[in-house]
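> here is a sequence together with a model predicted from it:
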Amino acid sequence: MTIAVRLRNVTAAELSKLGTLPTAIVAAAGTVLAAGGIAAALAANPATQRSSAVAVTAQTIPYVQVGLILLGILPVAHEYAGGQLRTTLMAVPDRGLLVAAKTIAVTIAAALTGTVTVAVGRAVAALTRHTAGVRRGEAGVLLDAAGYLVLSALLAHAVALLVRNLTAALVAMLGLVLIVSPLLASVSEGARWLPDRAAAQLYDPTDTVLTAGTGTLVAVAWTTVIAGIATVQFIHRDA
Amino acid sequence: MRFGPLLAAEFRKTATLPAAWAGVAVALLGSAGITVLNAISARAAIAAGHPELRAFTSVFQTGYAAAPLGTVGAIVIGVVAIGSEYTSNNADAGGGRQVTTTLAAIPHRTGLLAAKALTVVLLAVTTAALTIPACVGIAALVIGDATRETVTLDEALTRSLGAALYWTLMGLIAFAVTVVTRSGMFPLIALIANSSLVSVSLLLTRLTPLAFWLPDMAGRRLFGGLSTVEGGLDAGAGAIVMAAWTLALLATAATVFSRRDA
């Protein structure tokens, strides 16, 4: 088999594994539901009455990213909860191929969930406000927000691959996006180079140095470095 | 069975969990790191002659500003104290859960849960007793005598005790919720997210004043002197409401734990 065919087959296997993982389904469905609830709450808030439905959707992103982070962590972390990893490696001994396929599977799952999440947030915000009609360029803004969610999931996937434990990866990622980065941002300009701050330029372009494009590059660089170290370890280490 | 040895056993079990130490480290090192950053920028503001650019520049307030972060450490401690019992072993070792062994050794379930809850209290209080003085010490080292202390010793002590109480209650709430869910994942996500700026409770307070009665919003004035949202309960009433939530959740946990199959 050529490498492309093998990659396609292993990716399909990883996707089907993900689809039968109850926690992953609950995480994805929970994220979409949470997006609806939070968009309704934000849209009903008198303080944000002036902002558009798209702006309200952007404000839901810091909340719903938690769900995408969980979705990014699960595919690797569940292999290490118990002995499933050894079965997996028995079936796919090429470890580099396995990591590549898992990463593609996470990207697909996160892209699906992220897009639905953003769309539901936008629809609920409009329904709460009783506004109809779509503005020009709106789809691009929403897709950028979904892109941020995919980047979050991929960073979480890389961290999970590095620490090999669900709780540790979860605490590390939540600590980064919810606590360290807001706190650092209040005391130091350097916080803009953190992966989540940089990628946030996609849905909240307020930074003076980074743009949506360069911010995405910074976030991708972080993810690539972490995933690179983790993959080298994964290939050379006992399972 | 006497309670003393039971408490000693549970304390030892929790204290030897690496994840519990991670919780302590998050509170201690995380707060210390934030204090260093805050203190350096406070010192720079004083040196530049613009102390008014910072919300506060006194040593105690700079050290104390990191206290809300410690809540995350307390949550981790509360979650792993019981969550670890439900984690499955390696399949090679039978895939069992520690809780069955624990219950074989101590069949008295309410007593077991009480010992575990007390362990969480002890660890949270110890972490607070180490972290808050350490942060104030760091702030004193960095800012030193460049500023005048505006907080009296009495007030400092009251605020520190308030923060320790908030940590303890939040640790217990995390513990009680994890008893019911039997998995640490959901409580960790929900409670850490709610302790941050992206808090659903905070969002709800903008819609209805009832949300000020949620446990985390009710207790937040225990972090005295830190700028918080307007409105809501004051420190004393808030502490009582938060404690009442904690007791109710612990009672629910005890009922569920006593009646359910392990």
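Okay, I see it.
> in space, what's closest to the residue of chain A found nearest chain B - neighbours in sequence excluded?
Residue of chain A nearest chain B, by CB to the nearest CB: residue A:178 (3.7 Å). All C-beta spots, glycine's among them, are computed from the backbone N, C-alpha and C. In space, and not counting its chain neighbours, residue A:178 is closest to residue B:196: 3.7 Å by CB to CB, 6 or more residues apart in numbering or on different chains.
> what is the burial count for the one you found?
Neighbours of residue B:196 under the rule other CB atoms under 10 Å in any protein chain shown: 22.
> what's it sitting at in phi/psi?
Per-residue torsions, residue B:196: phi -100, psi -170 (degrees, to the nearest 10).
> re the thing from before, for the residue of chain A closest to chain B, what are its contacts?
A:66, B:192-193, B:195-198 (CB atoms under 8 Å, 6 or more residues apart in numbering or on different chains).
> against residue B:138, how distant is whatever residue of the stretch 51-200 of chain B ends up closest to chain A?
In the stretch 51-200 of chain B, the residue that lies nearest chain A is residue B:196 (3.7 Å; CB to the nearest CB). Distance, residue B:196 to residue B:138, using CB to CB, to the nearest Å: 23 Å.
> same check on residue B:3?
Counting by CB to CB - residue B:3 and residue B:138 are separated by 38 Å.
> ok, these two, which is more surrounded?
Using other CB under 10 Å, the more surrounded residue of residue B:3 and residue B:138 is residue B:138, with 22 against 12.
> name the SS class of the more buried one, please.
helix (DSSP: H, G, I helix; E, B strand; the rest coil).
> okay, it: pLDDT?
As predicted, residue B:138 sits at a pLDDT of 92.
> that one reaches residue B:36, doesn't it?
Yes. The criterion here is CB atoms under 8 Å, and residue B:138 meets it with residue B:36 at 6.1 Å.
> list the residues that contact both of these two?
Common neighbours of residue B:138 and residue B:36 (criterion: CB under 8 Å, 6+ apart): none identified.
> what count of nearby residues applies to the residue nearest to residue A:95 when sequence neighbours are not counted?
Spatial nearest neighbour of residue A:95, chain neighbours left out: residue A:235 (4.8 Å); criterion: CB to CB, 6+ apart. A count of nearby residues for residue A:235, using other CB under 10 Å, gives 12.
> ditto for the one 3 residues further on
Counted with other CB under 10 Å, the burial measure for residue A:238 works out to 3 neighbours.
> helix/strand/coil for it?
Classified using three-state DSSP, residue A:238 is coil.
> wait, what's in contact with the closest residue to residue A:100 other than its chain neighbours?
Excluding its sequence neighbours, the residue lying closest to residue A:100 (CB to CB, 6+ apart) is residue A:7, at 6.3 Å. Applying CB under 8 Å, 6+ apart, we find residue A:7 in contact with A:97, A:100-101, A:104.
> kindly report the same for residue A:95.
A:89, A:234-235.
> report pLDDT for it.
94.
> how much space between it and residue B:255?
For residue A:95 relative to residue B:255 (CB to CB), the value is 48 Å.
> close to chain B: what parts of chain A are there?
A:23, A:38, A:41-42, A:44-47, A:62-63, A:66, A:70, A:81-83, A:166-168, A:170-171, A:174-175, A:178-180, A:182-184, A:187-188 (CB under 8 Å from any CB of the partner chain).
> show the buried residues in the residues you listed.
A:23, A:38, A:41-42, A:44-45, A:62-63, A:66, A:70, A:81, A:166-168, A:170-171, A:174-175, A:178-180, A:182-184, A:187 (16 or more other CB atoms under 10 Å in any protein chain shown).
> cross these against helices and list the overlap.
Judged by DSSP state H, those include A:23, A:38, A:41-42, A:44, A:62-63, A:66, A:70, A:166-168, A:170-171, A:174, A:182-184, A:187 as members of helices.
> okay, the residue nearest to the spatial centre of chain A: pLDDT?
Nearest to the geometric centre of chain A sits residue A:153, at 2.3 Å (CA atoms, centre = their mean). On the pLDDT scale, residue A:153 is placed at 97.
> mind listing what residue A:158 touches?
So residue A:158 contacts A:223, A:226-227, A:230 (CB under 8 Å, 6+ apart).
> where's it, which helix or strand?
For residue A:158, the element it lies in under DSSP states H and E is helix A:138-163.
> what's the angle from that helix to helix A:166-174?
Using axes from the mean of the first three to the mean of the last three CA atoms, to 10 degrees, the inter-axis angle of helix A:138-163 relative to helix A:166-174 is 130 degrees.
> ok so, going back, would you confirm that the residue of the stretch 51-200 of chain B closest to chain A contacts residue A:181?
No. Using CB under 8 Å, residue B:196 makes no contact with residue A:181, being 10.0 Å away.
> report the distance from the lengthiest helix in chain A to the chain centre.
If you go by DSSP H, chain A has its longest helix at helix A:95-129. Distance of helix A:95-129 from its chain centroid, counting by CA atoms, centre = their mean, to the nearest Å, is 7 Å.
> just the buried positions in it, please.
A:95, A:97-107, A:109-110, A:113-122, A:124-126, A:128-129.
> same check on stretch B:89-108?
Buried, per 16+ other CB under 10 Å, within stretch B:89-108: B:97, B:99, B:102, B:106.
> got the confidence number for the first one?
So the one you mean is residue B:97. pLDDT at residue B:97 comes out at 87.
> how about the third one?
As summarised for this prediction, residue B:102 has a pLDDT of 92.
> one step back: packing partners of the host helix or strand of the residue nearest to residue A:95?
Assignment of secondary structure by DSSP H and E places residue A:235 within helix A:212-236. Secondary-structure packing of helix A:212-236 (3 or more CB pairs under 8 Å, 6 or more residues apart in numbering or on different chains; DSSP states H and E): helix A:95-129, helix A:138-163, helix A:195-199.
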